[in-house]
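Colleague: With the sequence up front, the predicted model follows.
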Amino acid sequence: MVHLTKSTKPISEKSINRKWHLIDVKGKIVGRIAPYISSLLQGKGKVNYAPYLDAGDYVVVVNSALVKFTGKKLQDKVYSRYSGYPDGLKKATAEEVLRRNPNRIIKEAVSGMLPKNKLRDRRLARLFISPNESHPYQHKLQANIKN
């Protein structure tokens, strides 16, 4: 008689090891880079991935002001937000949002790619976006390289 042993051990919150990733989106297309970023935030590339645990990594995105859209999306794509008050619906084209707050474009694209569950806000909190090359997370990235 052969006794089978349990070969897979469930992972816990303590065993999660988070890394830091630097992504330069200069000249990259929003719709192509957002799924990659959301995959890193979820931890899907890790061997110990579990959909019910928040095992993702930290992501630092630089040069968000230099991101690109395909086709006529700069003029046609509309970003909207609603305050909850009457006449509180604000709309802006992608071109206007890119000029005013380029970080919003990346954040909304990645947010749309993440699963709509209780882990979404925690995952988005690990996304750091900068409109240019400078960011305050250089020491974290250097520590990640040494490991």
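Modeller: Alright, I've got the coordinates.
Colleague: next structured bit after the host helix or strand of Leu22?
Modeller: Leu22 belongs to strand 20-24 when elements are defined using DSSP states H and E. As assigned by DSSP H and E, the chain's next helix or strand after strand 20-24 is helix 30-42.
Colleague: which intervals of the protein have sub-threshold pLDDT?
Modeller: Of all residues in the chain, those with pLDDT under 70 make up the ranges 1-4, 6-8, 145-147.
Colleague: Show me where it has its strands.
Modeller: For the chain, applying DSSP state E gives strands covering 20-24, 58-62, 78-82, 89-93, 127-129.
Colleague: Rebuild those as JSON lines, extending it with mean neighbour count and distance to Ser39.
Modeller: All C-beta atoms are positioned from the backbone trio N, CA, C, and that covers glycine. Formatted as JSON lines, the strands of the chain follow (neighbours: other Cβ atoms under 10 Å; distance: least, Cβ to Cβ, whole Å):
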{"stretch": "strand 20-24", "mean neighbour count": "17", "distance to Ser39": "11"}
{"stretch": "strand 58-62", "mean neighbour count": "21", "distance to Ser39": "10"}
{"stretch": "strand 78-82", "mean neighbour count": "11", "distance to Ser39": "23"}
{"stretch": "strand 89-93", "mean neighbour count": "13", "distance to Ser39": "28"}
{"stretch": "strand 127-129", "mean neighbour count": "20", "distance to Ser39": "12"}
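Colleague: Out of those, flag the one nearest Gly112.
Modeller: strand 78-82 (11.4 Å; Cβ to Cβ).
Colleague: Packing partners of that closest one?
Modeller: strand 89-93, helix 94-100, helix 102-113 (3 or more Cβ pairs under 8 Å, 6 or more residues apart in numbering; DSSP states H and E).
Colleague: and stretch 73-91, how far apart are its ends?
Modeller: 15 Å (Cα to Cα, to the nearest Å).
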